[in-house]
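Q: Sharing a model prediction with you, sequence too.
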Amino acid sequence: MATVIIYAQADCPSDIREQIIHLLRNEWPQTFVKNKPEWPTESLELDPISLVLMIDGLVASHGAVLKKTINHCGVSYLAFGLSSVVTDSSFRRRGFGRRIFKYATRYMEQEKADIGIFTCDPYLENFYFSYGWEVAKKTPLVGGTPAKPFPSDRLGKLTLIHFFSGKAKKNRKTILSAPIYLDLGEGKLW
């Protein structure tokens, strides 16, 4: 039976953590430095949590949810992002990625997110749209630092956004009018 478990990444049991790292390393080997076993993108300042879909003690699918208060066009928002979504190749085509995404969206809503925002490859647009997220076509997500910005549109990524709070819904047009800066550190984008 498939079960989704939520862990603060700092508290994730070592056996599950190792399985997640193995999945991430297989999917995105370029994000790891040599054989150093670490989360490749998540920073503890972002309060990362892992959503882990387990089957018989094995990690079948994983997704990380990150959060940060951002200032955008003069307004402060609690922003949540999605990162490191992966399903083990032997468990694909069973809807596990969908379950992780649904749990992530529900988690963001329960945690009182103003907005959810992340990037994806263009071929995934319809998948995320079917769950109420929209493509912010003219609103790149910008990671990196102010001195060395790392914009998603230069990577060929789409920005996906979901407006959770009344404040965000009211300011939708303004939010979509300018790039959204995360200031995550050099070369980082969630």
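A: Nice, thanks for sending it over.

Q: by contact count, what packs against the longest strand seen in the chain?
A: Secondary structure assigned by DSSP state E gives strand 58-72 as the longest strand of the chain. Counting contacts by 3 or more Cβ pairs under 8 Å, 6 or more residues apart in numbering; DSSP states H and E, strand 58-72 packs against helix 14-27, strand 49-55, strand 75-87, helix 96-110, strand 180-181. Quick note: C-beta positions are derived from backbone N, CA and C, even for glycine.

Q: Could you dump those into TSV with mean pLDDT, mean neighbour count and distance to residue 2 added?
A: Shown next, in TSV, are the helices and strands packed on strand 58-72 (pLDDT from 0 to 100; neighbours: other Cβ atoms under 10 Å; distance: least, Cβ to Cβ, whole Å):
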stretch	mean pLDDT	mean neighbour count	distance to residue 2
helix 14-27	90	16	15
strand 49-55	95	21	5
strand 75-87	94	21	11
helix 96-110	94	18	7
strand 180-181	96	20	34
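
Q: which helices and strands does the helix or strand bottoming out on mean pLDDT in the chain pack with?
A: Using mean pLDDT, DSSP states H and E, helix 125-129 stands out as the lowest-scoring helix or strand of the chain, at a mean of 85. On a contact count with 3+ Cβ pairs under 8 Å, 6+ apart, helix 125-129 meets helix 96-110, strand 134-135, strand 158-163.

Q: Return the set of buried residues in the helix or strand just after the shortest one.
A: What it means is strand 134-135. As assigned by DSSP states H and E, the chain's next helix or strand after strand 134-135 is strand 141-144. Buried residues in strand 141-144, defined by neighbour count with 16 or more other Cβ atoms under 10 Å: 141-144.

Q: Could you do stretch 52-69 as well?
A: For stretch 52-69, by 16+ other Cβ under 10 Å, it's 52-55, 59-68.

Q: Any idea how far it is from the middle of the chain?
A: Its chain's C-alpha centre and that of stretch 52-69 lie 11 Å apart, by Cα atoms, centre = their mean, to the nearest Å.

Q: right, and residue 107 touches residue 65 too?
A: Yes. Here residue 107 lies in contact with residue 65, judged by Cβ atoms under 8 Å, at a distance of 5.7 Å.

Q: Give me the residue at the spatial middle of this protein.
A: Geometric centre of the chain, nearest residue: residue 82, 1.1 Å, by Cα atoms, centre = their mean.

Q: From residue 14, how far out is it?
A: The spacing between residue 82 and residue 14, counted by Cβ to Cβ, to the nearest Å, is 24 Å.

Q: cool, and residue 129?
A: 37 Å.

Q: And residue 149, by the same measure?
A: 36 Å.

Q: my read: residue 97 touches residue 88, true?
A: No. Residue 97 is beyond contact range of residue 88, at 10.7 Å (criterion: Cβ under 8 Å).

Q: Mutual contacts of these two, please.
A: Residues within reach of residue 97 and of residue 88 at once, by Cβ atoms under 8 Å, 6 or more residues apart in numbering, are residue 61.

Q: Lovely, talk soon.
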